[in-house]
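K.L.:
Need a 3D model of the sequence below.
(one chain, ligands or ions: 1)
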Amino acid sequence: MIVSAYEGPDDLRAMQELCSRIWSPGSRWHVGDLAWGRFQHTGREPGWPTRLWRDGGRTVAWGWIDLPGSLDLAVDPARPELARQVLEWFARTAPAGPRDVTVLDTETHLAAALREAGYRPAGDGPFFRHLVRDLADPAEPVPPQGYRLRAVGEADVPGRVAAHRAAFHPSRVSEESYRAVRATWPYRAGLDLVAVAPDGEVAAYCLVWLDEARRVAEIEPTGTLPAHRRRGLARAVCLAALRAAREAGAERAAVYARGDDAYPAPGRLYRSIGFRPAARTVTWVRDHPAGA
Ligand SMILES: CC(C)(COP(=O)(O)OP(=O)(O)OC[C@H]1O[C@@H](n2cnc3c(N)ncnc32)[C@H](O)[C@@H]1OP(=O)(O)O)[C@@H](O)C(=O)NCCC(=O)NCCS
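P.N.:
The predicted model follows:
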């Protein structure tokens with residue numbers, strides 16, 4: 001077993017390789033989550049201790065801490081004993097204080113190790129649903145009159161970033177970070193679609209990531225400028241992106257949406273275009289006094 005600290009994009013690719021190998025509608029990570037998560041912002045690396053476990057040339061587990069006390073992890077279900085090692089590394093690495101670990105309720109190979117390490121599922125609070133659909137027959141996108149749907153081009157970068165920043169205000173996404181996302185495997189400009197308003201402004205967008213090996217696409221993220229909402233733009237641009245993914249070989253698609261009642265719009269949007277729930281996130285918590 002080789003255990004090593006994250007050193008850069010080659011290690012991200014190794015983390016993605018594990019997630020692709022074990023992907024199912026009930027697994028937490030798609031290759032696109034990792035690409036988007038690691039590069040959507042700049043300057044975050046110092047706060048993200050990350051470690052990989054490799055065996056026989058394959059990545060079998062990884063842990064990604066968001067300091068001070070949050071952990072994301074992936075563990076090959078064929079190697080459930082590694083969950084304990086990842087949690088022990090988390091306990092050694094993060095400072096004393098409250099800790100949380102978010103997994104899917106379907107990742108039963110992680111629950112035993114979490115319980116054994118003293119974590120318990122948190123009560124009510126924000127959570128995400130993992131939604132999936134097959135791509136046999138995504139509906140034809142019908143943009144509102146005057147809007148055009150097309151793949152993003154180099155000249156669209158400022159408008160595309162402005163649209164994201166307005167949709168997710170306040171957002172740390174910048175032209176620099178979005179360019180880094182575009183340079184990350186498996187980004188394809190042909191799966192990064194924009195809806196352009198009659199005056200040329202980018203009014204909505206949908207970025208889809210394709211895991212070619214698993215034939216599964218993931219929406220991450222989509223957004224519509226506040227002034228253009230409730231006209232069917234997100235529905236149209238998402239459907240267009242899903243159809244582009246199908247053309248590129250995807251048979252299924254996945255997306256995360258908030259599942260709690262405090263933020264229902266994205267879940268309704270995705271259900272309106274055929275997604276159905278497959279799993280939900282559960283955040284496990286515990287206090288870690290110094291040295292525990
Ligand atoms: C969620 C978001 C993308 C929707 O964009 P939009 O262009 O307004 O969505 P559409 O007009 O295509 O709506 C499609 C369906 O989604 C649902 N929906 C969209 N916004 C909604 C809202 N505010 N409340 C309830 N349902 C909503 C409805 O079912 C709607 O169909 P209907 O208008 O026929 O009832 C937009 O509100 C946004 O950018 N939010 C901030 C970013 C975000 O949360 N992105 C999604 C997570 S990655």
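K.L.:
so how many other residues sit close to Glu251?
P.N.:
Neighbours of Glu251 under the rule other CB atoms under 10 Å: 13. C-beta here means a position set from N, CA and C on the backbone, and glycine is covered the same way.
K.L.:
That one contacts Ala213, doesn't it?
P.N.:
No. Applying CB atoms under 8 Å, one finds Glu251 not in contact with Ala213, separated by 11.9 Å.
K.L.:
What is the helix or strand hosting Asp10 packed up against?
P.N.:
Remark: Asp10 resides in helix 9-21, with elements defined by DSSP states H and E. In terms of contacts (3 or more CB pairs under 8 Å, 6 or more residues apart in numbering; DSSP states H and E), helix 9-21 is packed against helix 31-39, strand 50-55, strand 58-66, strand 70-75.
K.L.:
angle of the first one against strand 50-55?
P.N.:
Spelled out, that is helix 31-39. For helix 31-39 against strand 50-55, the angle by axes from the mean of the first three to the mean of the last three CA atoms, to 10 degrees is 140 degrees.
K.L.:
Tabulate the CA atom coordinates of helix 31-39 in CSV.
P.N.:
Once non-C-alpha atoms are left out, helix 31-39 reads as follows in CSV (Å, rounded to 0.1, in the frame of the first residue of the first chain):
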residue,chain,number,x,y,z
VAL,A,31,-15.3,12.6,-12.0
GLY,A,32,-16.9,16.0,-12.7
ASP,A,33,-17.5,16.7,-9.0
LEU,A,34,-13.8,16.4,-8.4
ALA,A,35,-12.7,18.6,-11.3
TRP,A,36,-15.2,21.3,-10.5
GLY,A,37,-14.6,21.1,-6.7
ARG,A,38,-10.9,21.3,-7.0
PHE,A,39,-10.7,24.1,-9.5
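K.L.:
Touching it from outside, list them.
P.N.:
Helix 31-39 is contacted by residues 12, 15-16, 19-20, 177, 180-181, 184-187, 207-211, 218, 220-221, 256 when judged by CB atoms under 8 Å, 6 or more residues apart in numbering.
K.L.:
Span of stretch 165-173 from start to end?
P.N.:
End-to-end distance of stretch 165-173 (CA to CA, to the nearest Å): 7 Å.
K.L.:
can it be found next to the ligand?
P.N.:
Yes. Using CB under 6 Å from any ligand atom, stretch 165-173 reaches the ligand at Ala167, Phe168.
K.L.:
Show me which residues of that stretch are buried.
P.N.:
For stretch 165-173, the buried set under the neighbour-count rule, 16 or more other CB atoms under 10 Å, comprises Arg165, Ala166, Ala167, Ser171, Val173.
K.L.:
what does stretch 139-149 give?
P.N.:
Residues Pro141, Pro143, Tyr147, Leu149 are the ones in stretch 139-149 that count as buried (16+ other CB under 10 Å).
K.L.:
backbone phi and psi for the residue of the stretch 1-150 of the chain found nearest the ligand, please?
P.N.:
Nearest to the ligand in the stretch 1-150 of the chain, going by CB to the nearest ligand atom, is Pro144, at a distance of 8.6 Å. Here is the backbone geometry of Pro144 (degrees, to the nearest 10): phi -60, psi 160.
K.L.:
how about it, what does it touch?
P.N.:
Applying CB under 8 Å, 6+ apart, we find Pro144 in contact with Arg231, Gly232, Leu233, Ala236.
K.L.:
please redo it, this time with the cut-off set to 6 Å
P.N.:
Counting by CB atoms under 6 Å, 6 or more residues apart in numbering, Pro144 touches Arg231, Gly232.
K.L.:
tell me the phi and psi of the residue of the stretch 51-200 of the chain found nearest the ligand?
P.N.:
Proximity to the ligand, evaluated over the stretch 51-200 of the chain using CB to the nearest ligand atom, is greatest for Ala167 at 3.8 Å. Dihedral angles of Ala167 (phi, psi; degrees, to the nearest 10) stand at phi -70, psi -40.
K.L.:
What of the one 5 residues further on?
P.N.:
Torsion angles at Arg172 (phi, psi; degrees, to the nearest 10) stand at phi -100, psi 10.
K.L.:
So Pro80, which state does it fall into?
P.N.:
coil (DSSP: H, G, I helix; E, B strand; the rest coil).
K.L.:
Work out for me the element the closest residue to it other than its chain neighbours sits within.
P.N.:
Spatial nearest neighbour of Pro80, chain neighbours left out: His109 (4.0 Å); criterion: CB to CB, 6 or more residues apart in numbering. Per DSSP H and E: His109 is located in helix 108-116.
K.L.:
Just want the angle from that helix to strand 70-75.
P.N.:
130 degrees.
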